[in-house]
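J.: Would you be able to build a 3D model of this:
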Amino acid sequence: MSARRSSGVLLFRRPAGRLEVLLGHPGGPYFARRDEGVWTIPKGQPDDEDDLWVVACREFHEETGHDLERCRVPGRDPIELGSVTLASGKVVHGWAVEGDLDPDAVRSNEFELEWPPRSGQRSTFPEIDRVAWLPPEEARRRSHPAQAAFIDRLEAALGDT
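T.: Okay, the predicted model is just below:
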């Protein structure tokens, strides 16, 4: 059995020449009171698709409500950031895309969960409950530890190290 995998997009912008990246905070009760080490790039698992870039674009739309092509700076190609392996063994493939979006306009898809546990009650939660533009140093602190490597790789690719 192959390792679980997912792919996603690290959206970035450079207002006034300073790099900022967009990260999402996971929704649901397990992350409600957690901040550091849990933020993530919008990402998800492939269905039967082999093209991980297509998956990354689809998941960006599902988790932000925004079509990546409409957020993206025209004429700028995605930057392949490689992959990272989470402690769970899941492999996450990432791409960086220069673009912009309003965090207040983000609307994530939702998932259903029995909550409280063993109560028999089902509740609906957003996959991402909020997003924020963060400078690299703050993004590293808030991001899932393995995904901080995506920020390092982006800075290296842009020459911002």
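J.: how about residue 136, phi and psi?
T.: phi -50, psi -40 (degrees, to the nearest 10).
J.: Read off the pLDDT value for residue 49.
T.: If you check residue 49, the pLDDT there is 65.
J.: no no, residue 56
T.: The model's pLDDT for residue 56 equals 95.
J.: what about it, neighbour count?
T.: By the criterion of other C-beta atoms under 10 Å, residue 56 has 27 neighbours. Every residue, glycine included, has its C-beta placed from N, CA and C.
J.: So what sits opposite the residue nearest to it when sequence neighbours are not counted in the bridge?
T.: Spatial nearest neighbour of residue 56, excluding adjacent residues (C-beta to C-beta, 6 or more residues apart in numbering): residue 7 at 4.2 Å. Here residue 7 sits in beta bridges with residue 44, residue 93, as judged by DSSP bridges.
J.: Isn't residue 7 up against residue 46?
T.: Yes. Counting by C-beta atoms under 8 Å, residue 46 is a contact partner of residue 7 at 7.0 Å.
J.: so what sits against both of those two?
T.: Residues touching both residue 7 and residue 46 (C-beta atoms under 8 Å, 6 or more residues apart in numbering) are 52, 55.
J.: before we move on, the earlier item: so the residue nearest to residue 56 versus residue 135, what's the distance?
T.: 25 Å (C-beta to C-beta, to the nearest Å).
J.: Tell me which of residue 7 and residue 46 has more neighbours.
T.: Ranked by neighbour count (other C-beta under 10 Å), residue 7 and residue 46 place residue 7 first, with 26 against 18.
J.: got the contact list for that one?
T.: 43-44, 46, 52-53, 55-56, 59, 92-95.
J.: swap the cut-off to 7 Å and go again
T.: 43, 52, 55-56, 92-94 (C-beta atoms under 7 Å, 6 or more residues apart in numbering).
J.: Could I have the buried ones of those residues as PyMOL selection syntax?
T.: Restricted to buried positions by 16 or more other C-beta atoms under 10 Å, the PyMOL selection for those reads:
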select buried, resi 43+52+55+56+92+93+94
